[in-house]
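> model the following, please.
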Amino acid sequence: MMSVLLVFQAYSMADHTLTNSGRFAMPDSKDYFTTGEFAALFGVPKQTLFYYDEIDIFKPERVGENGYRYYSFTQLETFETLLMLRELSVPLKDIRRHMEHRSPQALIELMNKWKDDVDQKIRRLELARDYIDAKVRTTQEGIRAVIDEVIIEDLPPVRLITSTYTGNGDEASVAEAVSRHFRRYRDLGLAGSVAVGGIIPISDVREDSYSYSRFYSTLPANLTPDECINLETVDYGGRYLCIYGNRGYGGVLSMCHRLLTYIKENHLKTDDSLYEDLILDDLSVEGYYHYVVKLSVKLFQ
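Below is the predicted model of the structure:
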């Protein structure tokens, strides 16, 4: 509103009369914007105004005898709104339909419709920002990681959404299960990009293999209790015994054995499951066999 008032002070309106040709006489330059001046205010090319005039979406208030278009200060907010709708990807045909049948109620309906769309986009952007923050933290963790050493870490509390897995341990079955979990997470409208981890029961770690019981992803912290209803979740956080490896998933079995040996030798009390997380992936290291993987198990006092 302030910008409109300032322009109003600079561009006072004047009376104009029609000529015999049916067009208005040349407006006083101080009263109107030329096409170039109006376009420059919004940082758009003049061709945009020409096109919007041609398709009857936004027309100049006056056309001079010379055919030049002139726009008034009262059209500033209207054009600003049109540009905003275009930024929201509102189709030109929808805007034109509204302009052809404009009314106060129609405007309210249009604004409310696209307000809902804006709210959804804001939510998606917030989730994307949260994912970026988490990815930066995880990558920094990978940079700091001491490889093949058993360490203790105090980890912040988070809630994990889980998917039960009862399939075989072969790569094809695991890949299909991870894909289902990924699709389920996205179907909930939680994120476009999500890290997937695996839960390995200690009882399923054998000499030459191990098995997953569940796959998981971190739930956004701002999720309401109602949004968590009917979701399989587990709480993660506290003091954990951890080990990092840099040989991809091919090194996980030896990491399991090393962690379990450490637990046994030091007479530690732990949870009955290991958590497997991918820390550095294709976005930061080259090649599957150079992934940095982390195993963790909760310690009990």
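> which parts of this protein belong to which domain?
2-102, 124-300 (automatic domain parsing).
> quick one: which of those domains is nearest Val118?
domain 2-102 (6.6 Å; Cβ to Cβ). (Glycine included, C-beta is placed from N, CA and C.)
> by contact count, what packs against the lengthiest helix in the chain?
If you go by DSSP state H, the chain has its longest helix at helix 104-144. With contacts defined as 3 or more Cβ pairs under 8 Å, 6 or more residues apart in numbering; DSSP states H and E, helix 104-144 has these neighbours: helix 92-100, strand 273-280.
> report the central residue of this protein.
Among the residues of the chain, the one closest to the centroid is Ala128, at 2.9 Å (Cα atoms, centre = their mean).
> tell me how far it lies from Ile95.
Counting by Cβ to Cβ, to the nearest Å, the separation of Ala128 from Ile95 is 27 Å.
> what does Asp130 give?
33 Å.
> these two: which is more packed in?
Ile95 (19 against 16; other Cβ atoms under 10 Å).
> surely Leu299 is in a strand?
Yes - Leu299: assigned to a strand according to DSSP: H, G, I helix; E, B strand; the rest coil.
> what's the neighbour count on it?
With other Cβ under 10 Å as criterion, Leu299 counts 18.
> tell me how far the nearest residue to it once chain neighbours are set aside lies from Arg96.
Leaving out its chain neighbours, the residue that sits closest to Leu299 by Cβ to Cβ, 6 or more residues apart in numbering is Arg239, at 4.7 Å. Distance, Arg239 to Arg96, using Cβ to Cβ: 62 Å.
> among the two, which residue is more densely surrounded?
Between Arg239 and Arg96, Arg96 has the larger neighbour count (other Cβ under 10 Å), namely 15 against 12.
> correct me if wrong: the more buried one contacts Lys59.
No - counting by Cβ atoms under 8 Å, Arg96 sits too far from Lys59 to count as a contact (11.7 Å).
> which SSE is Leu155 in?
Assigned by DSSP states H and E, Leu155 belongs to strand 151-164.
> what's in contact with that strand?
177, 180-181, 184-185, 188, 197, 199, 213-219, 221, 223, 228, 231-243, 296, 299 (Cβ atoms under 8 Å, 6 or more residues apart in numbering).
> just the buried ones from these?
The neighbour-count criterion (16 or more other Cβ atoms under 10 Å) marks 177, 181, 185, 197, 199, 214-219, 236, 240-243, 296, 299 among those as buried.
> a strand runs through Tyr70, doesn't it?
Yes - counting by three-state DSSP, Tyr70 falls inside a strand.
> now do the same contact list for it.
27, 32-35, 60-64.
> so it versus Leu82, what's the distance?
Counting by Cβ to Cβ - Tyr70 and Leu82 are separated by 18 Å.
> and if you look at Arg123?
Distance from Arg123 to Leu82, by Cβ to Cβ: 25 Å.
> over to Phe58?
From Phe58 to Leu82 the distance is 6 Å (Cβ to Cβ).
> which neighbours do the two share?
By Cβ under 8 Å, 6+ apart, the residues touching both Phe58 and Leu82 are Tyr52.
> where does pLDDT dip in the stretch 201-301 of the chain?
222-229 (pLDDT under 70).
> neighbour-wise, which of Arg123 and Leu82 wins?
A direct count of neighbours by other Cβ under 10 Å for Arg123 and Leu82 places Leu82 higher, at 20 against 14.
> which stretch of helix or strand covers the residue nearest to Leu299?
Counting by DSSP H and E, Arg239 is found in strand 233-245.
> show the average pLDDT along the strand holding Leu155.
For strand 151-164, mean pLDDT rounds to 94.
> got it, and stretch 120-128?
Here the average pLDDT along stretch 120-128 is 84.
> try stretch 65-80
pLDDT averaged over stretch 65-80 gives 91.
> good, we can wrap up now.
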